[in-house]
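Build me a model:
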Amino acid sequence: MANKGSERFGTNAIMTDPEESPNRRGAIAGLLIAVAMLAVGLWLAHDLTAASKMQDCLMSGRTNCNVIQPAQ
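You can find the predicted model right below:
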């Protein structure tokens, strides 16, 4: 009888709670969704900023609005 108690509360016992795993999975899934939404938001902000700069250049009457990449 004492052996079961020591296994249950001993240092070598694996502490698993059946209700804890789904909560962790949900938290990890939520974290991954938040990171994905942040990445999409940053990409969208960058893309919209570039389009706005191009539109401002074209609306000012310029014809050479393309970005020139320097030779590497």
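
Tell me where this structure has helices.
2-9, 20-59 (DSSP state H).

Lowest average confidence across those, which one?
Looking at the helices of the chain, the lowest mean pLDDT belongs to helix 2-9 (a mean of 51).

As TSV, the helices of the chain with distance to P70 and mean neighbour count would be great.
Bear in mind the C-beta positions are built from the backbone N, C-alpha and C, glycine included. TSV is the format used below for the helices of the chain (distance: least, C-beta to C-beta, whole Å; neighbours: other C-beta atoms under 10 Å):
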stretch	distance to P70	mean neighbour count
helix 2-9	67	9
helix 20-59	18	10
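
Out of those helices, which gets nearest to V67?
helix 20-59 (8.5 Å; C-beta to C-beta).

Which residues outside stretch 41-56 are in contact with it?
Residues outside stretch 41-56 that contact it (C-beta atoms under 8 Å, 6 or more residues apart in numbering) are C65.

Of the helices of the chain, which is nearest N66?
helix 20-59 (8.6 Å).

related to what we said a few turns ago, want to throw the helices of the chain into JSON lines with distance to Q72?
As requested, these are exported to JSON lines (distance: least, C-beta to C-beta, whole Å):
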{"stretch": "helix 2-9", "distance to Q72": "64"}
{"stretch": "helix 20-59", "distance to Q72": "21"}
